[in-house]
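sequence first, predicted coordinates after that:
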Number of protein chains: 2
Amino acid sequence: MTIYDISKKAGVSIATVSRVLNGSDKVRPSTKKKVMDIIEKYDYTPNAFARGMGLHSLQTIGILCADSSDLFLAKAVYYLEQELQANGYESLLCCTGYNLELKQNYLNLILSKKVDGIILVGSNFIGTTEDENQYIKDVSTQVPIMLLNASFDYPNVYSTLCDDYTTMFEATESMLDSGIADPVYIYNSISYSGRKKLNGFKDALKKHGISDIENRIHKYDGDSQQFNEIADFMDQVAKEAPPFHGVIAADDVLAVGVVKYAQRNHISVPDDLSIIGYNNSMLTTCCIPELTSVDNRLETQTHQLVQTLVGVLSGEEMPKKSIFSGKLIKRGTTLF
Amino acid sequence: MTIYDISKKAGVSIATVSRVLNGSDKVRPSTKKKVMDIIEKYDYTPNAFARGMGLHSLQTIGILCADSSDLFLAKAVYYLEQELQANGYESLLCCTGYNLELKQNYLNLILSKKVDGIILVGSNFIGTTEDENQYIKDVSTQVPIMLLNASFDYPNVYSTLCDDYTTMFEATESMLDSGIADPVYIYNSISYSGRKKLNGFKDALKKHGISDIENRIHKYDGDSQQFNEIADFMDQVAKEAPPFHGVIAADDVLAVGVVKYAQRNHISVPDDLSIIGYNNSMLTTCCIPELTSVDNRLETQTHQLVQTLVGVLSGEEMPKKSIFSGKLIKRGTTLF
DNA sequence: ATGAAAGCGCTAACAA
DNA sequence: TTGTTAGCGCTTTCAT
């Protein structure tokens, strides 16, 4: 069933059918109805390829993320897909893994499908050197690139993110102000936002005149889905590092691992150990006490990102960077 | 940059360029090289639409799932995307939500993008009546439909699933055999696999001569990401239902909620209460004691599904139904 | 308001 | 081995 078949059956030209299909207002209501009836009767759907050839668009957005099974990324992908759907776009999902080398390939691949735009989900797409980010510059000449939870200044690249630095700085201060002068920081990612958070922690300690900062920072390199191993890691930290009565984790997963460490070692939370997580995920309520965590406004971010993208695609001038503030959600693992 | 530009610059016809592009062996190596050089020099990528029009395929598979932020579904989507990628296919993701009415629309939408096949992730796409499943029949005439964790007999519909009935039957028997004669069952979904699991539980109880079965089954209708509310729900169950010393949950999320309920009420797990979860997700290690859970071989399933799909698309005869057995992974919430 | 016709960029017979 | 050419199904001027 093609546009020709429909036009024949309706007794009009293919141009008229095309107009009806594309909602042109230059069609007499009566002929419009006539055509619509035939279309519905035969359940006709236009061929997307042929259409795309004319339109140069399939109303599709490419979404790249490292790992859609990561709690945070999965939620982000979910929100994005919903928002895009609501705006008439579909989502081409591509999970790249954490291997930077392959990202270029994936980007080109997805680009060859003629997507209207590309969303890079998560800050691990941004490297520290100009060279590492060359692939983004290349692609940005062809379609707009949207960064979620990361930032990169370049034409046709738009960023939506949480001010992780300030948010983490303030979260750390909350803990310091509550009288805990010896917090440690644990993290597992040195992505763009990972670095911001780490700096927020460091600077808060500096401001409060705490020395020995580097010894208070610990990187977990194990499997991020294994709470046991995180707890084991904390055992190690407790053994080697200076004593601590507070832990700030770069991710809820790590924080839950810390809760587990405390339970295993009969350390009372929050009395003897305060814990702050990050992302305010579903994990915050899985433990007792429940996890105090930083909400980075993911839903707000994804909404803003898609609005920006839609604006850009329709030729409007849109903000290059949208920054939101995170918010500490107080629950049971902290005294303050 | 089109195939014409390339052909001109290379001094050959577009047909030759097309042959090079499609890896035809009927091209002299020297001309092949000549063309390739030009292609690389100008970084030319063929237009996917035009190509799709000729090829009638864009090597893309549509993936439909209710909610890609659900722990289980997210993992499934992740594995599927990886497998498809490895086989040269891309994934068009579409999250339909749990509203059955919209599924038909989504299916048609995704079909209009000329996907080569469609994967329905999760058993909530299959209804109980013929009528509910009509939309699948309709679409199956156009492209193969792959069901993950569900089953439906129809031409061009292929199923890959875990034998949830037997698996749950056996898990329940394990608990009964350990001396717990009064288990309760909690669930939150009445999907295809949800019903299978429930029946497995029921029949195990029947076999062991346990009466009062219906009072041992409880449906949780709240938010599946809120462990608190699940624990609240369990408080209610404990109040209203006959006493129990074992809980079998249809999902790890629910089971973790039960662990939480036990902790809050100072019920010793597993001594006074045994708990079994389902899916063997990352949540199994988030609590103390760790969760005994059923592994339903998701990765194996997704692998098999994609292999079947690839086979079907290349015209091979493939099994209509691939069934795997789940396996109880024993951890700390059970004595056996 | 409607139709005729020229592409869009590619694939795949068919010729040479 | 290579080139010529006719589609593929649609959008979009340009006429009418």
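The structure has been received and is ready for your questions. Note that the coordinates shown come from a computational prediction; the quantities given were computed from them, not determined experimentally.

just confirm yes or no for the lowest-mean-pLDDT helix or strand in chain A near chain B.
Every helix and strand of chain A was ranked by mean pLDDT, DSSP states H and E. The lowest is helix A:100-111, at a mean of 74. Yes. Using Cβ under 8 Å from any Cβ of the partner chain, helix A:100-111 reaches chain B at A:108, A:109, A:110, A:111. Just so you know, the C-beta spots here come from the backbone N, C-alpha and C atoms, and that holds for glycine as well.

gap between the residue nearest to residue A:96 when sequence neighbours are not counted and residue A:99?
What sits nearest to residue A:96 in space, not counting adjacent residues and going by Cβ to Cβ, 6 or more residues apart in numbering or on different chains, is residue A:106, at 4.8 Å. Separation of residue A:106 from residue A:99 (Cβ to Cβ, to the nearest Å): 10 Å.

more neighbours: which of those two?
For the pair residue A:106 and residue A:99, the greater number of neighbours falls to residue A:106 (20 against 10), based on other Cβ atoms under 10 Å in any protein chain shown.

quick one, helices of chain A?
Assigned by DSSP state H, the helices in chain A fall at A:3-10, A:14-21, A:29-41, A:48-55, A:71-86, A:100-111, A:134-140, A:164-177, A:192-207, A:227-240, A:252-264, A:298-313.

check contacts around residue A:246.
Residues in contact with residue A:246, defined by Cβ atoms under 8 Å, 6 or more residues apart in numbering or on different chains, are A:175, A:180, A:182, A:183, A:184, A:273, A:274, A:275, A:276.

measure it to DNA strand C for me?
To DNA strand C, residue A:246 is 59 Å away according to Cβ to the nearest atom of the strand, to the nearest Å.

pLDDT score for that residue?
For residue A:246, the pLDDT comes out at 97.

show me which residues of the stretch 1-150 of chain A are close to DNA strand C?
Residues of the stretch 1-150 of chain A found near DNA strand C (Cβ under 7 Å from any atom of the strand) are A:11-16, A:19, A:25-28, A:30-32, A:50, A:53-54.

and if we set it to 6 Å?
Counting by Cβ under 6 Å from any atom of the strand, the residues of the stretch 1-150 of chain A lying close to DNA strand C are A:12, A:13, A:14, A:15, A:16, A:26, A:27, A:28, A:31, A:53, A:54.

surely residue A:163 and residue A:326 touch.
Yes. When contacts are counted by Cβ atoms under 8 Å, residue A:163 is listed as touching residue A:326 (6.9 Å).

more neighbours, these two?
In terms of neighbours (other Cβ under 10 Å), residue A:326 is the more surrounded of residue A:163 and residue A:326; the figures are 23 against 17.

can you give me the domain assignment for chain A?
Using the TED database, the domain parsing of chain A gives A:3-53, A:60-162+A:298-324, A:164-295.

is the first one positioned near chain B?
What that stands for is domain A:3-53. Yes. Residues of domain A:3-53 contacting chain B under Cβ under 8 Å from any Cβ: A:45, A:46, A:47, A:48, A:49, A:50, A:52, A:53.

columns neighbour count and pLDDT on top of these, output as JSON lines?
As requested, those are exported to JSON lines (neighbours: other Cβ atoms under 10 Å in any protein chain shown; pLDDT from 0 to 100):
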{"residue": "A:45", "neighbour count": "16", "pLDDT": "85"}
{"residue": "A:46", "neighbour count": "17", "pLDDT": "86"}
{"residue": "A:47", "neighbour count": "17", "pLDDT": "84"}
{"residue": "A:48", "neighbour count": "22", "pLDDT": "79"}
{"residue": "A:49", "neighbour count": "23", "pLDDT": "80"}
{"residue": "A:50", "neighbour count": "16", "pLDDT": "83"}
{"residue": "A:52", "neighbour count": "24", "pLDDT": "74"}
{"residue": "A:53", "neighbour count": "18", "pLDDT": "73"}
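
roughly how far apart are the residue nearest to residue A:107 when sequence neighbours are not counted and DNA strand D?
Setting aside the residues directly before and after it, residue A:107 is nearest to residue A:139 in space (Cβ to Cβ, 6+ apart), at 5.2 Å. Here residue A:139 is placed at a distance of 24 Å from DNA strand D (Cβ to the nearest atom of the strand).

try residue A:213
59 Å.

surely that residue and residue A:205 touch.
Yes. Look at residue A:213 against residue A:205 with Cβ under 8 Å: they come within range, at 5.1 Å.

the more surrounded of those two?
Between residue A:213 and residue A:205, residue A:205 has the larger neighbour count (other Cβ under 10 Å), namely 23 against 14.

give me every residue that touches the more buried one.
The contact partners of residue A:205, by Cβ under 8 Å, 6+ apart, come to A:172, A:176, A:183, A:213, A:216.

who wins on neighbours among those?
When neighbours are counted by other Cβ under 10 Å, residue A:172 leads these with 25 neighbours.

distance check, it against DNA strand C.
From residue A:172 over to DNA strand C the distance is 54 Å, taken as Cβ to the nearest atom of the strand.

excluding its backbone neighbours, what's nearest that residue?
residue A:204 (3.6 Å).

what about that neighbour, how many residues nearby?
Neighbours of residue A:204 (other Cβ under 10 Å): 24.

tell me the contacts of the nearest residue to residue A:178 once chain neighbours are set aside?
Counting by Cβ to Cβ, 6+ apart, residue A:178 lies nearest to residue A:336, which is 3.9 Å off, once chain neighbours are set aside. The neighbours of residue A:336, taking Cβ under 8 Å, 6+ apart as the test, are A:174, A:175, A:177, A:178, A:274, A:330.

pLDDT weak spots in the stretch 1-150 of chain A?
Regions of the stretch 1-150 of chain A meeting the criterion pLDDT under 70 cover residues A:55-56, A:100-101.

80 - rerun?
Within the stretch 1-150 of chain A, the stretches with pLDDT under 80 are A:48, A:52-58, A:97-106, A:108-114.

nearest residue to residue A:98 in space, please, no chain neighbours.
Going by Cβ to Cβ, 6+ apart, residue A:98 has residue A:66 as its nearest residue, at 5.1 Å.

gap between the one you found and DNA strand C?
The value you get for residue A:66 to DNA strand C, if Cβ to the nearest atom of the strand is used, is 30 Å.

and residue A:149, what does it touch?
Shown in contact with residue A:149 (Cβ under 8 Å, 6+ apart): A:76, A:121, A:122, A:123, A:160, A:161, A:162, A:192, A:193, A:296, A:301.
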